[in-house]
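# Make a model of this:
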Amino acid sequence: ARYDDPELRRNVLYINNGDNTFTNKAKEYGLDDDSYSTHANFFDSDNDGDLDVYIVTHPTDFKDKNKQKNFQKIEQGANTSNRFYRNEGNGKFVECHKEVGIDNHGFGLSVTTGDLNNDGWMDVFVGNDYIMHDYTYINQGDGTFKESSRELLSKTSYYGMGTEVADINNDGLLDMMTVDMEIEGNYGTKTFMQSNKQTFLRTMVNAGYVQQ
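Alright, predicted model coming up:
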């Protein structure tokens, strides 16, 4: 949420009461973060039988950061970093994104999980909007993740929106899909292509982004 008031940005967690009602217990569980959250995915990251959670964020200063004449990465900060909460198994979650190796900001709009390399550990695929490339976090099996988009992908999406992983050809391996914005009409297509000048793309790569 892009509210200026941090209280309006706090996450909510609705716990089922077992009587067709739900109660927001985000604060009790330690998940009422006030960053610019957009999407969450609950999954068992450490194979301990309970669900941890990855939360993507979307900084609010995206307009200035996407102009070619003012091209730069967003500075890491309290409200720009994605979040990772480890389930302690006692009804409490602990935020530890730096500890597990997910110390990256992004224009996050989606996050999905799956065992991408068939090693028995759940990995994370994050879709980022605007200039930020998508993230592919491979679970190291020791409580940490390694961002491996450069090693695994020849390119990532540009203006990524939704992400999904699924075995689309029944070969036993998970495939990855990202959807971008749909452009209607020939004018929109030309307008989008105009922003993909080779000089701009080279600038993105030189700034440290994966090729898009």
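# least trustworthy helix or strand in this protein by mean pLDDT?
Among the helical and strand segments of the chain, the one scoring lowest on mean pLDDT, DSSP states H and E is helix 185-194, with a mean of 46.
# Could you check the pLDDT of the residue nearest the centre of the chain?
Nearest to the geometric centre of the chain sits residue 126, at 3.5 Å (Cα atoms, centre = their mean). pLDDT for residue 126: 89.
# That one bridge partners, please.
residue 111, residue 135 (DSSP bridges).
# Just give the closest residue to residue 36, not the sequence neighbours.
Take residue 36 and drop its neighbours on the chain: the residue closest to it by Cβ to Cβ, 6 or more residues apart in numbering is residue 57, 4.7 Å away. In this view, the C-beta of every residue, glycine as well, is placed from N, C-alpha and C.
# you'd agree that neighbour is up against residue 40?
No - look at residue 57 against residue 40 with Cβ atoms under 8 Å: they stay out of range, at 10.5 Å.
# who has more neighbours, those two?
Under the criterion of other Cβ atoms under 10 Å, the comparison of residue 57 against residue 40 puts residue 57 first, with 21 against 15.
# how about the strands in this protein?
14-16, 22-24, 37-43, 52-57, 83-87, 93-95, 108-114, 123-128, 135-139, 145-147, 160-166, 175-180 (DSSP state E).
# Check what pLDDT the residue lying closest to residue 175 once chain neighbours are set aside gets.
Using Cβ to Cβ, 6+ apart and skipping the chain neighbours, the partner closest in space to residue 175 is residue 168 (4.9 Å). Looking at residue 168, its pLDDT stands at 88.
# Determine the number of other residues adjacent to residue 168.
12.
# Please apply the same query to residue 162.
14.
# Check the one 4 residues further on too.
Residue 166 has 11 neighbouring residues, counting by other Cβ under 10 Å.
# ok so, going back, deepest of the strands of the chain, which one?
strand 123-128 (a mean of 27; mean count of other Cβ atoms under 10 Å).
# In terms of secondary structure, what does that one contact?
strand 52-57, strand 108-114, strand 135-139, strand 160-166 (3 or more Cβ pairs under 8 Å, 6 or more residues apart in numbering; DSSP states H and E).
# hmm, 10 Å instead?
Applying 3 or more Cβ pairs under 10 Å, 6 or more residues apart in numbering; DSSP states H and E, we find strand 123-128 packed against strand 37-43, strand 52-57, strand 108-114, strand 135-139, strand 145-147, helix 149-152, strand 160-166, strand 175-180.
# Can you dump the C-alpha atoms of it in CSV for me?
Provided in CSV are the C-alpha atoms of strand 123-128 (Å, rounded to 0.1, in the frame of the first residue of the first chain):
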residue,chain,number,x,y,z
ASP,A,123,13.1,-21.7,-3.8
VAL,A,124,11.7,-18.2,-4.4
PHE,A,125,10.9,-16.4,-7.7
VAL,A,126,10.1,-12.6,-7.4
GLY,A,127,8.5,-10.5,-10.1
ASN,A,128,9.7,-6.9,-10.1
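# angle of it against strand 135-139?
Interaxial angle, strand 123-128 versus strand 135-139 (axes from the mean of the first three to the mean of the last three Cα atoms, to 10 degrees): 170 degrees.
# Need the distance between the two termini of stretch 39-57.
The first residue of stretch 39-57 is 7 Å away from its last residue (Cα to Cα, to the nearest Å).
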